[in-house]
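> Build me a model from this:
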Amino acid sequence: MVLQLLLTAINLVFVIVQIIILLFGLVIVGVGTWLELQYKSLKEVLDSSRLNYGPYLIICVGILVSLIGLFGFVGVNGKNAINKYSLGLYIILAFIVVLGQMAGAMATFVFREQVESIASEGLNETMKYYGMNSEVGTLVTDFWNNLQQENGCCGVNGARDWIGEIRNDSVVFPSTCCKNTTDILCGRNSSTITSAYGGGCLSFVTQQLSDNLLHAGAFGLSVVGVQAVAIIVAVIILTFTSTVSEYSK
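Purely as a prediction, here's the structure:
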């Protein structure tokens, strides 16, 4: 009787953990969708596989985590009735997913060390499209204008980065680099470079990407922790089920 009550309590804990895992999975899907929308213009311009496929990979992981959480319910059928095979399969699948997520989370922290070089390469690549009369040119122009206006920066490492990059002989660097927006001469020639923001935008982009990766890695490890608890509880349920069955004979 005591073992049966204990098993019921453990089953309840297991169900609660599965709900948490399911919610985590949905949050991961949401994060992947947000990243896809947030960096859509940048992804289309850079054509980088790490940017193009990253959000989709996150979405797939979120869907997989949600499915694992739902599958956990299959392991508990009816009132205190355990489907051992389903629960055993759940443990195996969840363990594989946990290993994959741990590797992914650790890779995220390692990838943070490469963010600056990747961001620098990508930003320099986009500068040649600024001001071009094309779809890509419009995306790049809007991206750089927003980046420079919102962060008070200019170019990758400074305003001089723009010299020779803009396909317009009357403009040396974008007006969004100008500290004084009413200065109509700012950006018209290289002598006005002192009127531009002194710092480049690389540090802002690097910091933003690095922070996003840090949060993603921390969140991934928290999901791994919850799933590890779920696996332990599932093993306990199987063990107690066998014990209860032996006492019932």
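> And the longest helix seen in the chain, how far out from the chain middle?
The single longest helix within the chain, with elements called by DSSP state H, is helix 202-248. Its chain's C-alpha centre and that of helix 202-248 lie 17 Å apart, by C-alpha atoms, centre = their mean, to the nearest Å.
> just stretch 179-190 next, same as before
With C-alpha atoms, centre = their mean, you get 38 Å for stretch 179-190.
> So which residues make contact with that stretch?
152, 163, 170-175, 177-178, 192, 195-197 (C-beta atoms under 8 Å, 6 or more residues apart in numbering). No exception for glycine: its C-beta is placed from N, CA and C like everyone else's.
> farthest pair in those residues?
G152 and S170 (24.1 Å; C-beta to C-beta).
> If we go by neighbour counts, what in stretch 202-216 is buried?
Buried residues in stretch 202-216, counted by 16 or more other C-beta atoms under 10 Å: L202, F204, V205, T206, L209, S210, N212, L213, A216.
> got a list of what N151 touches?
N151 neighbours (C-beta under 8 Å, 6+ apart): C201, F204.
> ok, it to L64 distance?
36 Å (C-beta to C-beta, to the nearest Å).
> how about low-confidence regions in this structure?
1-4, 7, 35, 38-55, 73-84, 241-249 (pLDDT under 70).
> hang on, the earlier thing: buried ones among the contacts of stretch 179-190?
V172, F173, P174, S175, C177, C178, T192, S195, A196, Y197.
> M106: which of those is nearest?
Looking across the buried ones among the contacts of stretch 179-190 and measuring by C-beta to C-beta, the closest to M106 is Y197, at 36.9 Å.
> V27 versus the residue nearest the centre of the chain, what's the distance?
Nearest to the geometric centre of the chain sits A216, at 5.2 Å (C-alpha atoms, centre = their mean). In this view, A216 and V27 are 11 Å apart by C-beta to C-beta.
> Next up, the contacts around D161.
N124, M127, C154, G155, G200.
> how's the chain carved up into domains?
2-112+214-248, 117-202 (automatic domain parsing).
> what ranges do the helices span in this structure?
2-38, 40-46, 49-52, 54-74, 84-111, 115-126, 135-151, 202-248.
> Quick one: the ones you listed as a markdown table, columns for distance to L185 too.
Formatted as a markdown table, these follow (distance: least, C-beta to C-beta, whole Å):
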| stretch | distance to L185 |
| --- | --- |
| helix 2-38 | 35 |
| helix 40-46 | 30 |
| helix 49-52 | 37 |
| helix 54-74 | 42 |
| helix 84-111 | 43 |
| helix 115-126 | 26 |
| helix 135-151 | 18 |
| helix 202-248 | 26 |
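> Let's see stretch 185-204 as CSV, backbone CA atoms only.
Below are the C-alpha coordinates for stretch 185-204, written out as CSV (Å, rounded to 0.1, in the frame of the first residue of the first chain):
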residue,chain,number,x,y,z
LEU,A,185,28.5,68.5,-45.3
CYS,A,186,29.2,65.6,-43.0
GLY,A,187,30.1,62.5,-45.0
ARG,A,188,30.6,64.5,-48.3
ASN,A,189,34.4,64.2,-48.2
SER,A,190,37.2,62.6,-46.2
SER,A,191,38.0,65.9,-44.4
THR,A,192,34.6,65.6,-42.5
ILE,A,193,35.6,62.3,-41.0
THR,A,194,36.1,64.0,-37.6
SER,A,195,32.4,64.7,-37.6
ALA,A,196,31.6,61.0,-37.6
TYR,A,197,31.2,58.8,-34.6
GLY,A,198,34.7,57.7,-33.4
GLY,A,199,34.0,54.1,-32.6
GLY,A,200,33.2,51.2,-35.0
CYS,A,201,30.1,49.0,-34.8
LEU,A,202,32.0,45.7,-34.5
SER,A,203,32.0,45.9,-30.7
PHE,A,204,28.3,46.4,-30.5
